[in-house]
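Colleague: 3D model of this:
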Amino acid sequence: MKFNTKTIHGKQQPDLAYGAVMPPIYQTSTYAQSTPGGHKGYEYSRSKNPTRDALENAFASIENGDFGLAFGSGLAAIDAVLKLLKSGDEVICNNDLYGGTYRLFTSVFKNFGITFHFVNMDNPDAIEAYINDDTKLIWVETPTNPMLNIIDIEATATIAKKHNILLAVDNTFATPYLQQPLDLGADIVMHSVTKYIGGHSDLVMGALIVKEKSLAERLYFIQNASGAICGPQDAFLALRGIKTLHVRMQRHCENGKAIALYLASHPKVENVYWPGFESHPNHDIAKKQMKDFGGMISFTTKGNDYNTSIKLIENLKIFTLAESLGGVESLAGHPASMTHASIPKEEREKTGVVDSLIRLSVGIEDEEDLINDLKQALG
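Modeller: Modelled structure (predicted):
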């Protein structure tokens, strides 16, 4: 089954009760039993819920995995992965990381005796220097947030397997439409479903997808024991979002390319970060492991002036100044004061997240309207 068909039909079937084409919202906390333990596969909705089951099956299908898990947020999904570890373990992760992930690693799990190494992974060989007997996990974002750096998943997976280390990939920016890390050797794929998979800025959710049964069982145990699940209403909305993921991503990519080329040619723009440029670091890796280059773009204005950038995003009319990304509407954000504010300024600037950086999530509006909006704001 091809990807576009999977988004509609992958691991899905009509509801067994009445044949509903869309899985119903089972808005219930508990289920009747004929005798203690005598139930129809469901006993309490923290453990299992039919709507969430349908969604988790869909997650597995579109990422070419065997097991999917839905969580109350992307950070809850990351939290579950970190709970596979114990005190004394070490994690290697890329140094250009979503601010919420950085905060979870350094302000929560570091307190439980887990050590984190933040590494420039443009060349995966750099990872080897940080590996020791305590290294249990490599955590990768690609493309990264917000600098759109590209990390070679296949090469990183080869290193991880050589040392018997788990490799987890945050695939939020690329989505399964553009990139499928499990096929490239990753053990765990993570998504902030809030973003492109949901696609309509109306839910908060996270997902994990794996192939190995024993790893899935450990994560299911953590999901149930910790209880950071999503509700059935959000599961229903995410299922709806999946069904249009492929058509939305096509337009995100088309518009993203047009906006990137426009910004790169503008005399008031200093730097544009988008993996589709041949000059972009690891562009060849992006071409190899991604179907297209996505709708996320970051850029700085000439002079790298903070006030100029703030005035620009305040003057946008169609792009909405807001947190998050991946919805049908175009959004603009200021990473240094919004998504990455939890990262110390000195650490942020080492990776390029300067005070003048603007991040765009290019939506699916008309391309000409988006360019005209940027034109008037830059003017």
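Colleague: So the most centrally placed residue in the chain, which state does it fall into?
Modeller: Nearest to the mean C-alpha position of the chain, by CA atoms, centre = their mean, lies T172 at 1.8 Å. Following DSSP: H, G, I helix; E, B strand; the rest coil, T172 is assigned to coil.
Colleague: Tell me the spacing between A54 and M296.
Modeller: Distance, A54 to M296, by CB to CB, to the nearest Å: 29 Å. No exception for glycine: its C-beta is placed from N, CA and C like everyone else's.
Colleague: on that earlier part again, spatially, and excluding backbone neighbours, which residue is closest to the residue nearest to the centre of the chain.
Modeller: S192 (4.6 Å; CB to CB, 6 or more residues apart in numbering).
Colleague: and the one you found, backbone torsions?
Modeller: Dihedral pair for S192: phi -80, psi 100, per degrees, to the nearest 10.
Colleague: can you count the residues close to it?
Modeller: 29 (other CB atoms under 10 Å).
Colleague: Hmm, the residue nearest to the centre of the chain is touching M190, no?
Modeller: Yes - between T172 and M190 there is a contact under CB atoms under 8 Å: 7.5 Å.
Colleague: So for those two, which residues contact both of them?
Modeller: Common contacts of T172 and M190 (CB atoms under 8 Å, 6 or more residues apart in numbering): G74.
Colleague: Which helix or strand contains V272?
Modeller: Element membership of V272, judged by DSSP states H and E, is strand 269-273.
Colleague: F299 now?
Modeller: F299 belongs to strand 296-301 when assigned by DSSP H and E.
Colleague: In terms of secondary structure, what does that strand contact?
Modeller: For strand 296-301, the elements it packs on are helix 245-264, strand 269-273, helix 306-315, strand 358-361, judged by 3 or more CB pairs under 8 Å, 6 or more residues apart in numbering; DSSP states H and E.
Colleague: From the contact counts, what lies against the strand holding V272?
Modeller: With contacts taken as 3+ CB pairs under 8 Å, 6+ apart, strand 269-273 sits against helix 245-264, strand 296-301.
Colleague: buried set for it?
Modeller: 269, 271-273 (16 or more other CB atoms under 10 Å).
Colleague: so what secondary structure elements neighbour the helix or strand of the chain with the lowest mean pLDDT?
Modeller: Least confident element among the helices and strands of the chain, by mean pLDDT, DSSP states H and E: helix 345-350 (a mean of 86). For helix 345-350, there is no helix or strand it packs on, judged by 3+ CB pairs under 8 Å, 6+ apart.
Colleague: hmm, back to that, pretty sure the residue nearest to T172 is touching F71, no?
Modeller: No - shown here, S192 and F71 do not form a contact pair, counting by CB under 8 Å, at 9.9 Å.
Colleague: List the contacts of stretch 192-206.
Modeller: The contact list for stretch 192-206, computed with CB under 8 Å, 6+ apart, reads 70-78, 170, 172-173, 175, 190-191, 207, 230, 234-235, 237-238, 241-242, 244-245, 248-249, 252, 324-329.
Colleague: Let me know the secondary structure of the closest residue to P275 other than its chain neighbours.
Modeller: Using CB to CB, 6+ apart and skipping the chain neighbours, the partner closest in space to P275 is A286 (4.1 Å). Secondary structure of A286, reduced to three states by three-state DSSP: helix.
Colleague: same deal with E365?
Modeller: Here E365 is coil, with the state taken from three-state DSSP.
Colleague: residue ranges of the helices in the stretch 51-200 of the chain, please?
Modeller: For the stretch 51-200 of the chain, applying DSSP state H, counting those that start in this stretch gives helices covering 74-82, 99-107, 153-162, 175-178.
Colleague: which of these is buried the deepest?
Modeller: Comparing the helices of the stretch 51-200 of the chain by mean neighbour count (mean count of other CB atoms under 10 Å), helix 175-178 comes out on top with a mean of 25.
Colleague: For that helix, C-alpha coordinates in CSV please.
Modeller: C-alpha atoms of helix 175-178 as CSV (Å, rounded to 0.1, in the frame of the first residue of the first chain):
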residue,chain,number,x,y,z
THR,A,175,6.5,14.2,8.9
PRO,A,176,6.1,10.6,7.6
TYR,A,177,5.2,12.0,4.2
LEU,A,178,8.7,13.3,3.7
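Colleague: Contacts for that helix next, please.
Modeller: With CB under 8 Å, 6+ apart as the criterion, helix 175-178 contacts 3, 62-64, 189, 191, 196-197, 245-246, 249, 253, 290-294, 326.
Colleague: repeat for stretch 235-250
Modeller: By CB under 8 Å, 6+ apart, the residues outside stretch 235-250 that reach it are 3-4, 7-8, 22-23, 25, 49, 51-52, 54-55, 58, 62, 70, 175-178, 193, 196-200, 202-203, 205, 230, 292, 294-295, 328, 364.
Colleague: again, only using 7 Å
Modeller: With contacts defined as CB atoms under 7 Å, 6 or more residues apart in numbering, stretch 235-250 is touched by 3-4, 7-8, 23, 25, 51-52, 54-55, 58, 62, 70, 175, 177-178, 193, 196-200, 202-203, 205, 328, 364.
Colleague: again with stretch 39-54
Modeller: Stretch 39-54 has contacts (CB under 7 Å, 6+ apart) with 12, 23-26, 28-31, 33, 70, 224, 227, 229-230, 232, 235-236, 239.
Colleague: Among the residues you listed, name the buried ones.
Modeller: Using 16+ other CB under 10 Å as the burial test, these include 12, 23, 25-26, 31, 70, 229-230, 232, 235-236, 239 as buried.
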